[in-house]
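**Q** below: sequence and its predicted model.
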Amino acid sequence: MATQNNNIIPFEATHPGVLIKDECDACDDINQKDLAKELGVKASFLNEIIKGKRPLTADFVIILGKIFEIPADYWMKFQTQFEIDKARIKEKNIEKINNIEV
């Protein structure tokens, strides 16, 4: 018996950098420049993560988890889900193109 795969494919994949930005915006006592300093990275590096241009790494999320009190495994799961969603969106788009071509 074949099972049907009902994976939901989002319209757009959400990078975990969005949550970092939200956390910075919600904290009155920390801005992106200060956060970068606490993380031991350049502000431009952090900005690239926030804009979704760089992935989160295990080393990075361990420190990030301590700062925001959000477990490192949550951040890594968020990054993994982002990558999966990107792949599913790409697959869906390829499928659409293949169905259009005659």
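**A** Received the coordinates, thanks.
**Q** any idea how far Asp73 lies from Ala26?
**A** 21 Å (C-beta to C-beta, to the nearest Å). Just so you know, the C-beta spots here come from the backbone N, C-alpha and C atoms, and that holds for glycine as well.
**Q** which one's more surrounded, these two?
**A** Legend: neighbour count by other C-beta atoms under 10 Å for Asp73 and Ala26, higher for Asp73 (12 against 9).
**Q** okay, the more buried one: pLDDT?
**A** Note on Asp73: pLDDT of 97.
**Q** tell me which residues of the longest helix anywhere in the chain are tucked away?
**A** Looking across the chain with DSSP state H, the single longest helix is helix 72-100. Across helix 72-100, burial judged by 16 or more other C-beta atoms under 10 Å covers Ala72, Trp75, Met76, Phe78, Gln79, Phe82, Asp85.
**Q** just the residues you listed: which has the poorest pLDDT?
**A** Within the buried residues of helix 72-100, pLDDT is lowest for Asp85, at 92.
**Q** what about Asp34, how many neighbours?
**A** Counted with other C-beta under 10 Å, Asp34 comes out at 14.
**Q** quick check: which element contains Leu19?
**A** helix 17-26 (DSSP states H and E).
**Q** which residues does the helix or strand following that helix contact?
**A** Note on helix 17-26: by DSSP H and E, the next helix or strand toward the C-terminus is helix 32-39. Contact with helix 32-39 is made by 20-21, 24, 30, 42-43, 45-47, 50, 60, 63-64, 67, as judged by C-beta atoms under 8 Å, 6 or more residues apart in numbering.
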